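Chemist: sharing a model that was predicted from the sequence below.
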Amino acid sequence: MKKYIILLLAALIVMPADLLARKDKDSGLKVISYNIRMGSANDGTNSWQYRYPASAMMIDDQKPDIFGLQEALPDQFKYMDEILVDYKGVGVPRDDGKKNGEIMAIFWNKKTISMLKWGTFWLSETPDEPSLGWDAACKRTATWALMKDKKTGRKFFYVNTHLDHVGWEARKNGLALIVDYIGRMNPKGYPMVLTGDFNMDTTRPEFDDLKKIMKNTREVAFKTDRHNTYNGWGKDKESIIDHIFYSGFSSCAEYQTIDKPYNKRTFISDHYPVSAILIF
């Protein structure tokens, strides 16, 4: 009898948390960060011309409220913007701010989210104009937007970025610049989401200042995983470089690395998309 009483008490303790997690999943803000892999890359049978439907299928299946794309060239941005009829995207090409280069885009579901204003800054000593920063191999940007969640009426900021893959000074100073911008753009203290390909693990000291103001969804979610996010078309099983951070939300119900195949493709990009469900 004592054994059954103990089991009953354990069930009563666990069940409310489980029910709460399921409720949060249904009512929360679903976010995805996705490095789509630039369309100009010569990846053989993994090249964009063969895999492009899979990216749209992933979004259609996962149904995020909002997502950030990294490495999207203008034609890839246009494809996603046109094929995903429920979504609208913003962002500018990083090389000249007009026509050339990868776009760090923000897309939102028009049924659940409203966009209020947005902009882009360069990760460099001159962030207000197209420019190369520090020891970076490429021009790097961050796109930001002030959004409104239609379900709750709550406003929140969203920032999407891609740090340099070569220069450590560029990664360090670029992330420091983002932290500074986050502080200055949000004087009213709205909830904040930061997504991106950071090209480094969060154990690096470069993340120390960011961790003081934002939480890593992978680390704090009620349900999470420890899957690698960069797959290198199946050659890398260790790198965790794509992240979703947040502040101002009450909790993170779920974090997930999306390694599900789409359109019969094992890899829809050389990065897995990552998702999080945030609760206001």
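Modeler: Cool, got the structure.

Chemist: give me the phi and psi for residue 237.
Modeler: When read as degrees, to the nearest 10, the backbone of residue 237 gives phi -120, psi 20.

Chemist: pretty sure it contacts residue 230?
Modeler: No: the pair residue 237 / residue 230 is not scored as a contact, 9.4 Å apart, by C-beta atoms under 8 Å. C-beta: built from backbone N, CA, C; applies to glycine.

Chemist: show me which of the two is the more surrounded one.
Modeler: The neighbour count for residue 237 versus residue 230, taken as other C-beta atoms under 10 Å, is higher for residue 230 (19 against 10).

Chemist: which ones are touching the residue lying closest to that one once chain neighbours are set aside?
Modeler: Leaving aside its chain neighbours, residue 230 sits nearest to residue 239 (3.9 Å; criterion: C-beta to C-beta, 6 or more residues apart in numbering). Residue 239 is in contact with 201, 228-230, 232, counting by C-beta atoms under 8 Å, 6 or more residues apart in numbering.

Chemist: just the buried ones from the residues you listed, in PyMOL syntax?
Modeler: In PyMOL, this line selects whichever of the contacts of residue 239 come out buried by 16 or more other C-beta atoms under 10 Å:
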select buried, resi 228+229+230
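
Chemist: could you dump the contacts of residue 239 into JSON lines with pLDDT and distance to residue 123 added?
Modeler: Compiled in JSON lines, the contacts of residue 239 are given as follows (pLDDT from 0 to 100; distance: C-beta to C-beta, whole Å):
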{"residue": "201", "pLDDT": "97", "distance to residue 123": "19"}
{"residue": "228", "pLDDT": "98", "distance to residue 123": "25"}
{"residue": "229", "pLDDT": "98", "distance to residue 123": "20"}
{"residue": "230", "pLDDT": "98", "distance to residue 123": "20"}
{"residue": "232", "pLDDT": "97", "distance to residue 123": "24"}
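
Chemist: between the contacts of residue 239, which is nearest residue 252?
Modeler: Ranked by distance to residue 252 (C-beta to C-beta), the contacts of residue 239 are led by residue 229 at 16.4 Å.

Chemist: for residue 30, see how far away the closest one is.
Modeler: Per C-beta to C-beta, to the nearest Å, residue 229 is found 17 Å from residue 30.

Chemist: ditto for residue 158
Modeler: Residue 158 is 12 Å from residue 30, by C-beta to C-beta.
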